[in-house]
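Engineer: need a 3D model of the sequence below.
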Amino acid sequence: MLFLAIYLSTLSGQKTDNTDSLIHTIDILVNDTVKALRWAEVAYDLRYTDPEKSLLIAEKGLKLSKRLDYNYGIALANNVVGIYYVNQSNYDTALVLFENNLERFKSLAIDNYTAITMRNIAVIYSERNINDKALEYYFMALPIFEKNKDSLDLAMTLNNIGSVYQNKKEYITAISYFRKSYNILLSLNKTDVLLTPLNNIAASYSEMNKTDSARILLTEMLILSKQFNDLYNIAYAYNNFGWTYMIDSNYTIALGYLDESLKYAKSLNANRLIALTHDYIGACWKNLGNKSKAKENFLASYQIGKETNLLSIIRTSSYDLYEIHRDNGNYKLALEYYIQYDSAENKILNEENIKHITQLEMQSEFDKKQLELENKRLQEEILYKTKIKNQKIVRNFSIATLLLILIITVIILKNYKLSQKANREKESLLLKIQIQQDSLTDSIQYAKRIQSSMLPPRDILDSLHDNFILFKPRDIVSGDFYWFGRQNSNLLVCAADCTGHGVPGAFMSLLGIRFLNEIVLEKGLTHPGKILDQLRENVIHALQQKGKDSDTKDGMDISLCNIDRKNRKIHWAGAYNPLILVRNKELIEYKPDKMPIGIHDNMSSFSCTEISYEKGDCIYLFSDGYYDQFGGEESRKLMRKSFKETLIRISEFNMNTQCSILDNNFENWKKYQEQVDDVLVMGIRL
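Structural biologist: A predicted model of the protein is given here:
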């Protein structure tokens, strides 16, 4: 059971026993703003007793508020209209109204109403079984309720979150949220809604076949229901008791509880519960071998279903009657009831198909809006980071300048009595140091320009495949590099991670790029394994590695693909770096040879793997810098497992979006910690 949120608790004034008189009283009010609020109040009070009149009055208040350009009044009226459409199962219209309200309350800076609107939107997504989106809005609302110490709304939201996890069949998680909701409501002495999470906990235990635990909670629910004289929940408690004993196949005891439930349900004229209880009783008698009483109760359930057009009841009871008559040899009646069952089943399937189509449309619209919001957030974040970075530069420069002035002043004062020659020598020395520092920085910047010019132009890859390259050097220059080139109909692509980062790594990357250009573009070699063999030989020769202990262990790890678009084949080889392929949300990882491009104990030839690909597959080449980054609340590594889960999750998006998500995830994980290594991730949609 979900709590649909309301806003109008602050407007609770007159009751609407005499609606026409109250409407006349509002009509003669002079202040239009007060009049708009009163229309919203009356419409809200009538939302269940007279929904059609509630809608008319709400629209009257909405028209007045729009004329006054009174955003608060517009939002309150829209809330009532939204609740009307939710109760009519017109979720699309209700969602538009609630989303407009969300923007209004944000602009008015009314936190509590903002959170309540988030919860209303979540209820709609939950009703549509779009569970992840429902949870997203619920979890946005929770911290606002906690901050405002709004315990009742917090409890309602926790119960609703539990219901979503219950729908997802994650019962342990669901129970934890139901208990949190129950404890808060108990502390608030909210007896009118206290039984809702209690019943939900019992239902979760029943679904887990933990009937003993469910019955303990149902006993508490029954005691509280009788204490509050809540006949509806008494009837449901007895019904749920019967169901738990049916799960345990203890049909005799189940009948006792179901008879009690039926008695209360009839006193309330609760048709659905009466029909459901008759069906349970029929099932018990059927299992106890009394087909006559079973048929009697199945028939009672079926008749109520037909009278009230309850398709789920008609479907269940008509099938039960079909089985009874079939087993008794009355095939004519059995056929008639089977036709009724089949008709109800088809109607339900049609409704579910319509619901599913609507769900997909809502999902698509939501994803579109989320992408727009994400782009907006990224732009704001870039502006903010640029501002902070500039402030840091100014601050650091000011501090450095002050420190330098202080040092120079101390030196001058301390050595004032020394000769002018010594002072000139010191000043000259400081000037030389500054010149050397400037020269070193200029050299590194020049090295960056050289490295950037050596990287292949993107248009080669862009002309053939949808792709992205996430390239984030730790320093000015990078030890990671990417490379691609065409050789006849073959497209060769690689991602490499050289020993070290900064200037040393950059030197290695320049060697790697030059050697690959020579091996592939000049010599025409296209076999990935042989390319890596030749690349290793060139690196060993260039670094003069002889296999001695005193040799440097410099080299590189690499993942290299030859994409044969004509035959839809990939030929791949890897030195420590793997290749990942994602197809229809399934991740396949191809393991590399465990030896680097450089001198090593194992100097065998690199292996080559042939992979058949399908249209729409995504392949990913990367260095270890992304998932080795420290961050998060516990300052730990992001880890390869989390990285692979992210690749699966984003594989359905276009490549620009994938790159943005990866970059955003990395920055959110790292936050204010230093980047530990160069980062390179390449993605190609085949």
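Engineer: report how many residues lie close to the closest residue to Asn328 other than its chain neighbours.
Structural biologist: Spatial nearest neighbour of Asn328, chain neighbours left out: Lys291 (6.9 Å); criterion: CB to CB, 6 or more residues apart in numbering. Quick note: C-beta positions are derived from backbone N, CA and C, even for glycine. A count of neighbours around Lys291, defined by other CB atoms under 10 Å, yields 17.
Engineer: pLDDT value on Lys291, please?
Structural biologist: Looking at Lys291, its pLDDT stands at 91.
Engineer: backbone phi and psi for it, please?
Structural biologist: Backbone torsions for Lys291, taken as degrees, to the nearest 10, come to phi -70, psi -30.
Engineer: also Ile469?
Structural biologist: Backbone torsions of Ile469, given as degrees, to the nearest 10, read phi -130, psi 110.
Engineer: do Asp50 as well
Structural biologist: For Asp50, the backbone dihedrals are phi -150, psi 80 (criterion: degrees, to the nearest 10).
Engineer: that one and Ala58, how far apart?
Structural biologist: Here Asp50 is placed at a distance of 12 Å from Ala58 (CB to CB, to the nearest Å).
Engineer: got the contact list for Asp32?
Structural biologist: Contact partners of Asp32, counting by CB atoms under 8 Å, 6 or more residues apart in numbering, are Leu64, Leu68.
Engineer: for Tyr590, same thing?
Structural biologist: Listed by CB under 8 Å, 6+ apart, the contact partners of Tyr590 are Trp572, Gly574, Pro578, Leu579, Ile580, Leu581, Thr609, Ile611.
Engineer: which residues of the stretch 551-686 of the chain score low on pLDDT?
Structural biologist: Where the stretch 551-686 of the chain drops to pLDDT under 70, the residues are 551-552.
Engineer: the helices in it, which residues?
Structural biologist: Secondary structure of the stretch 551-686 of the chain (DSSP state H, counting those that start in this stretch): helices at 640-650, 655-670.
Engineer: one step back: neighbour count: Asp50 and Ala58, which is higher?
Structural biologist: Residue environment comparison for Asp50 versus Ala58 gives the larger neighbour count to Ala58, 26 against 15, counting by other CB under 10 Å.
Engineer: wait, the more buried one sits on Ala36?
Structural biologist: No: under the criterion of CB atoms under 8 Å, Ala58 lies out of contact with Ala36, with a separation of 10.7 Å.
Engineer: mutual contacts of the two, please.
Structural biologist: By CB under 8 Å, 6+ apart, Ala58 and Ala36 have these common neighbours: Ala77.
Engineer: who's in contact with Met639?
Structural biologist: Each residue near Met639 by CB under 8 Å, 6+ apart is listed here: Tyr627.
Engineer: without its sequence neighbours, what residue ends up closest to Ala265?
Structural biologist: Spatially, and ignoring its direct neighbours in sequence, Ala265 is nearest to Leu273 (4.2 Å; CB to CB, 6+ apart).
Engineer: secondary structure element holding that neighbour?
Structural biologist: Assigned by DSSP states H and E, Leu273 belongs to helix 271-287.
Engineer: could you dump the contacts of Tyr590 into TSV with distance to Thr646 and neighbour count added?
Structural biologist: Shown next, in TSV, are those (distance: CB to CB, whole Å; neighbours: other CB atoms under 10 Å):
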residue	distance to Thr646	neighbour count
Trp572	22	26
Gly574	21	27
Pro578	16	16
Leu579	17	23
Ile580	11	20
Leu581	15	21
Thr609	24	16
Ile611	22	17
